[in-house]
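J.: Got a predicted structure here, sequence first:
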Amino acid sequence: MNPSIFFWRHLVSFLLVGLVAAAGCGPSAAPETAEDETVAVPEAAQQNTPTYGGTLVIQTNSLVQFDPVFVADDNSFHVVSNVFSLLFRRQRDEIIPDLATSWEYRDDKTLIFYLRRGVMWHDDNAVFAPGESREVVASDVVYSLKRAIETKGSTVSSDLLASYESVKALDDYTVQLTLKTPNALLFTTARGLTQIAIVPREAVEQLGKDLALNPIGSGPFKFVEYKPDESLTLERNDLYWKRPYLDRIVYQVIPDQDAALIAFETGEVDILTTVPGADFERLNGDDRFILYRRGCPSMAQLVFNMTHPLFSEQQFRQAVAYALDGTAINANVYGGMHLSGCGTAGPGVPGYDPDLCRYFPYDPEGAGAILKDLGWSDSDGDGLLDKEGIPLEIPLEIWSRSPMPQFGAAIVTQLGEVGISVELQTVEFGTWIADWNAGVDRIMLLSGFCGDGGMNSLWGRNGLARAMGHDDPQVFDLLAQASTTVDPAARDETLRRAANEIYRQYWAVPLGFRDSFQASRSWVHDFYGTLWSENLCTAYNNVWVSKN
């Protein structure tokens, strides 16, 4: 449930009291230690006493690039959230101060952020020589936010883009954000301001496009090396306002699900990004591992490019929907993590409507009847439909990372059963993102968008679906209205109305949801799982390892 403006006004004092209370206890309160010293801890006490040093190895499915304004995938943002400071962080339902230690609303459209003093940019890189860093100040926040809003191709969330009016520095440590309208998603995971990372102007101006693969920030860990399709290494930032326990982090790129699971179980990696559905029960019952629910139900669905001659016709989209048993496909792919339902917002998320599935019965005969009415028939008896000698073949693009190939195979089979041939194209994830943004003339298999605001980010006036030719002022207006409605019940109702308009027109074919889990080895401590930002050293926690 999205908090009201009243809640946000009173959150500041609550956060500050909580931080003071936490400062002297728990793993986040680090003992004073010399820079090169490792704390010696008796073996029996290692589970409870933090130690400095060690490397955390995180399996990741893919990495694309690390310039915050262009990051569109969760895995790349995990890196961004450790290299760069954010105004604040999210850990499921909690808001964690980061560069901003507190904030308050002056009114429902004016928000003031108070910044942490003494935060420094990373040094010993192409922009800041060793010992020649500078402090991060309010003008850096202003620059970063304007850059996210104004840069062509930016992945800034649609709700922020729609509500933003201006931002200015009141002094070196105070920022004022002014909105055109109230924004109910401003502090929601992966929406509003949660994806705004603070970047140094010098790095953008000196590195240009090279910043994407050589990120420079002020976060707890510094960029060291990136080997595309292999690994990325970060090391502790000695200038950070809080000393990280970890010496370094290695993101190990292992896209194959089976190989990733083997690497995790043998201890080659410490954190597994996604637990395979078929292995959930087994891993959950093994005390060598800790499983973390990743927050909210994540959807899978086919999205039509509305500019394609076939897909521009609603009846044809409906026929494709009737030909697919999304529930059976999703359950087979995700096993025990499968959740039934239709739409973009999953169970428990604002805008979820269980009645949407009435538009998507599994009805191959009905699909055949619609296609017949549209003039398609099997004129030569080969089992595939054609019209005037032209076979019915539709292009479908998926990314190569598991479990998308499993979805692709099932879709090809089920559409083939009603006489539709599928031209399946499997590409790398980065290529898939580029093709989506370019508006390729295909059906795209899409996954993600879990959580509050996902519907707006995908289907809104400034949402990602615009690239695929989706344009409906009624839907846009409903979603815009929802993002400014802070009353939860009223907002939920508006989102349901928007969802009904989207799915009764068959803009997409839902394939159900999944309850996603992440896993760590039991020797990883003070870790709480990852949803959007990967919180390894924050005011909330400080991850350490005892495997050595």
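T.: Good, I have the coordinates.
J.: roughly how far apart are the closest residue to Asp373 other than its chain neighbours and Leu445?
T.: In this structure, Asp373 finds its nearest non-sequential neighbour in Gln315, 7.2 Å apart by Cβ to Cβ, 6 or more residues apart in numbering. All C-beta atoms are positioned from the backbone trio N, CA, C, and that covers glycine. Using Cβ to Cβ, to the nearest Å, Gln315 is found at 22 Å from Leu445.
J.: When those two are compared, which one has more neighbours?
T.: Counted by other Cβ atoms under 10 Å, Gln315 and Leu445 do not tie: Leu445 has more neighbours, with 23 against 11.
J.: Find me the pLDDT at that one, would you?
T.: We note a pLDDT of 97 for Leu445 in this prediction.
J.: I'd guessed it sits against Leu396; true?
T.: Yes - between Leu445 and Leu396 a contact is recorded at 6.7 Å, counting by Cβ atoms under 8 Å.
J.: Common neighbours of the two, please.
T.: Leu302, Gly408, Ile411 (Cβ atoms under 8 Å, 6 or more residues apart in numbering).
J.: ok, now which ones touch the residue nearest to Asp373?
T.: Contacts for Gln315 (Cβ under 8 Å, 6+ apart) come out as Ile370, Asp373, Leu374.
J.: Out of those, who's the most crowded?
T.: Tallying neighbours with other Cβ under 10 Å puts Ile370 at the head of the contacts of Gln315, with 21 neighbours.
J.: Report whether that one is found in a helix, as I expect.
T.: Yes - counting by DSSP: H, G, I helix; E, B strand; the rest coil, Ile370 is found in a helix.
J.: Give me the three-state assignment for the spatially closest residue to it that is not a sequence neighbour.
T.: Excluding the flanking residues, the one nearest Ile370 by Cβ to Cβ, 6+ apart is Ala319, at 4.0 Å. Following three-state DSSP, the label given to Ala319 is helix.
J.: do you know how far Ala319 is from Pro488?
T.: 37 Å.
J.: of the two, who's got more company?
T.: Between Ala319 and Pro488, counted using other Cβ under 10 Å, the more crowded position is Ala319 (27 against 15).
J.: Surely that one and Lys372 touch.
T.: No - taking contacts as Cβ under 8 Å, Ala319 lies outside contact range of Lys372: 9.5 Å.
J.: and the gap between the residue nearest to Ile370 and Asp172?
T.: Going from Ala319 to Asp172 by Cβ to Cβ gives 61 Å.
J.: Glu281 looks like it's in a helix, true?
T.: Yes - looking at Glu281 with three-state DSSP, it is inside a helix.
J.: Quick check: closest non-adjacent residue to the residue nearest the centre of the chain.
T.: Geometric centre of the chain, nearest residue: Asp74, 3.9 Å, by Cα atoms, centre = their mean. What sits nearest to Asp74 in space, not counting adjacent residues and going by Cβ to Cβ, 6+ apart, is Trp532, at 6.7 Å.
J.: neighbours of the one you found, just the number please.
T.: What Trp532 shows, counting by other Cβ under 10 Å, is a neighbour count of 23.
J.: try Asp441
T.: Using other Cβ under 10 Å, Asp441 is surrounded by 16 other residues.
J.: For the stretch 401-548 of the chain, which segments count as strands?
T.: When assigned using DSSP state E, counting those that start in this stretch, the strands of the stretch 401-548 of the chain occupy the ranges 421-427, 443-448, 508-514, 517-521, 524-525, 544-545.
J.: out of those, which comes closest to Leu384?
T.: For the strands of the stretch 401-548 of the chain, the distance to Leu384 is smallest for strand 421-427, at 5.3 Å, taking Cβ to Cβ.
J.: The closest one pairs with which strands?
T.: Strand pairing for strand 421-427, determined by DSSP bridges: strand 393-399 (parallel).
J.: quick one: the strand it pairs with to strand 443-448, angle?
T.: Between strand 393-399 and strand 443-448, the angle comes out at 30 degrees (axes from the mean of the first three to the mean of the last three Cα atoms, to 10 degrees).
J.: what comes up buried for strand 393-399?
T.: Buried residues in strand 393-399, counted by 16 or more other Cβ atoms under 10 Å: Ile394, Pro395, Leu396, Glu397, Ile398, Trp399.
J.: could I get the contacts of Gln315 as a markdown table with distance to Lys222?
T.: Shown next, in a markdown table, are the contacts of Gln315 (distance: Cβ to Cβ, whole Å):
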| residue | distance to Lys222 |
| --- | --- |
| Ile370 | 57 |
| Asp373 | 62 |
| Leu374 | 58 |
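J.: From these, pick the one nearest Ala508.
T.: Among the contacts of Gln315, Ile370 lies closest to Ala508 (Cβ to Cβ), at 17.3 Å.
J.: per-residue confidence at the residue lying closest to Glu230 once chain neighbours are set aside?
T.: Leaving aside its sequence neighbours, Glu230 sits nearest to Val253 (Cβ to Cβ, 6+ apart; 5.8 Å). Val253 carries a pLDDT score of 97 in this model.
J.: Give me the number of neighbouring residues for Val253.
T.: 17.
J.: what's near enough to touch it?
T.: Taking Cβ under 8 Å, 6+ apart, one finds Thr60, Asn61, Ser62, Leu63, Asp229, Glu230, Ser231, Leu232 in contact with Val253.
J.: so which of those residues would you say is closest to Gly469?
T.: For the contacts of Val253, the nearest to Gly469 is Ser62 (26.4 Å; Cβ to Cβ).
J.: Now for Lys152, how many residues are close by?
T.: Counted with other Cβ under 10 Å, Lys152 comes out at 5.
J.: Helices of the stretch 51-200 of the chain, residue ranges please.
T.: 74-83, 138-150, 158-163 (DSSP state H, counting those that start in this stretch).
J.: Select from these the stretch with the lowest mean pLDDT.
T.: When I compare the helices of the stretch 51-200 of the chain, helix 158-163 is least confident, with a mean of 89.
J.: how about the helices of the stretch 51-200 of the chain, which one is nearest Ile329?
T.: Closest of these to Ile329 is helix 74-83, at 22.5 Å (criterion: Cβ to Cβ).
J.: and that closest one, C-alpha only, in PDB?
T.: C-alpha atoms of helix 74-83 as PDB (Å, rounded to 0.1, in the frame of the first residue of the first chain):
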ATOM      1  CA  ASP A  74      17.600  -5.300 -12.400                       C
ATOM      2  CA  ASN A  75      21.000  -6.900 -12.600                       C
ATOM      3  CA  SER A  76      22.800  -3.900 -13.900                       C
ATOM      4  CA  PHE A  77      21.000  -1.700 -11.300                       C
ATOM      5  CA  HIS A  78      22.400  -4.000  -8.600                       C
ATOM      6  CA  VAL A  79      25.800  -2.900  -9.600                       C
ATOM      7  CA  VAL A  80      24.700   0.800  -9.900                       C
ATOM      8  CA  SER A  81      23.300   0.700  -6.400                       C
ATOM      9  CA  ASN A  82      26.700  -0.300  -5.000                       C
ATOM     10  CA  VAL A  83      28.800   2.100  -7.000                       C
END
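J.: so what's the residue nearest to Glu230 bridging to?
T.: Beta-bridge pairing for Val253 (DSSP bridges): Thr60.
J.: how far away is it from Asp373?
T.: In terms of Cβ to Cβ, Val253 sits 48 Å off from Asp373.
J.: Then Leu145?
T.: With distances taken as Cβ to Cβ, Leu145 is found 52 Å from Asp373.
J.: just Pro364 next, same as before
T.: As defined by Cβ to Cβ, Pro364 lies at a distance of 15 Å from Asp373.
J.: returning to what we had before: got CSV for the helices of the stretch 51-200 of the chain, with distance to Lys209 too?
T.: Converted to CSV, the helices of the stretch 51-200 of the chain look like this (distance: least, Cβ to Cβ, whole Å):
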stretch, distance to Lys209
helix 74-83, 15
helix 138-150, 14
helix 158-163, 22
